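> have a look; sequence and predicted model below, questions after that.
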Amino acid sequence: MTYSQVIAHLQSLKNQKNIKGMARFGITGNHLLGISIPVLRQLARKLGKDQSLSLKLWDSGFHEAQILASFVGDPAQVTNTQMEKWVKVFDSWDVCDQCCGNLFDRTDMAYTKALVWSQRKREFEKRAGFVMMAEMAVHDKEAKDKVFLSFLPVIRREAWDERNFVKKAVNWALRQIGKRNRALNRAAILEARRIQKQGTPSAFWITRDALRELMDPRIQRKWR
């Protein structure tokens with residue numbers, strides 16, 4: 001399918017009822033089509049990896065086209081310029097998470113971007129840094145523990161941020177790192193205890209939820 005055909009197909013799938021439903025989850029805007037992720041994934045499988053198409057879909061401005069762009073993009077061809085261009089216009093948590101989890105965390109720049117973006121001021125740019133940490137913990141099976149141990153002080157450093165989409169991503173990163181293996185589980189629990197001592201509402205929320213999951217007997221039994 002050509003770019004024009006893909007856009008026409010996406011527009012034909014527009015679902016106003018789904019658009020209203022997305023608003024309940026904080027996803028709003030003028031370029032929504034209301035297409036579900038499973039439908040986009042199915043279309044992506046038909047299209048295959050196509051970096052040129054990915055870049056064009058992103059530039060279309062359509063919400064779902066940008067998510068589709070993350071599915072069909074080729075991590076080996078992603079450049080620093082592209083990553084910075086995209087992250088600067090993230091305006092919703094789902095586009096942010098899909099781009100980081102489907103494409104960016106599979107690039108050679110994933111580790112660096114996780115650290116750099118975690119220091120950004122804009123909510124979704126900063127969220128992207130911690131989503132990268134969480135997604136790498138799940139997807140990068142070859143990464144050494146030291147990679148994730150280096151993320152823990154960064155998580156502690158930013159645990160003060162009260163913004164909803166930041167603190168949720170900080171919590172997500174902490175939990176995913178702590179579920180990777182026994183050693184990281186222990187390290188994440190110790191880090192959560194340190195974060196608790198900050199005494200902020202955000203730190204309390206992040207650690208209460210994380211500790212409940214990381215210390216769950218079902219998680220602990222995995223490594224016994």
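It's in.
> got the contact list for residue 134?
Residue 134 sits next to 169, 172, 173, 175, 176, 177 when contact means Cβ atoms under 8 Å, 6 or more residues apart in numbering. Any C-beta I mention is one placed from the backbone N, CA and C, and that applies to glycine too.
> report the buried members of these.
By neighbour count, with 16 or more other Cβ atoms under 10 Å, these hold 169, 172, 173, 175, 176, 177 as buried.
> residue boundaries of the helices in this protein?
Listed in chain order, the helices of the chain (DSSP state H) span 3-12, 16-23, 37-47, 51-60, 63-72, 80-87, 93-102, 110-117, 123-139, 145-157, 164-178, 182-196, 201-214, 217-221.
> sorry, back to before: distance to residue 96 and pLDDT for the contacts of residue 134 - can I get that in a markdown table?
Output for the contacts of residue 134, formatted as a markdown table (distance: Cβ to Cβ, whole Å; pLDDT from 0 to 100):
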| residue | distance to residue 96 | pLDDT |
| --- | --- | --- |
| 169 | 9 | 98 |
| 172 | 12 | 98 |
| 173 | 13 | 98 |
| 175 | 18 | 98 |
| 176 | 16 | 98 |
| 177 | 19 | 98 |
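> let me have these in CSV, adding distance to residue 78 as columns.
Output for the contacts of residue 134, formatted as CSV (distance: Cβ to Cβ, whole Å):
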residue, distance to residue 78
169, 21
172, 22
173, 21
175, 27
176, 22
177, 24
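> of these, closest to residue 95?
Residue 95 lies nearest to residue 169 out of the contacts of residue 134, by Cβ to Cβ, at 13.6 Å.
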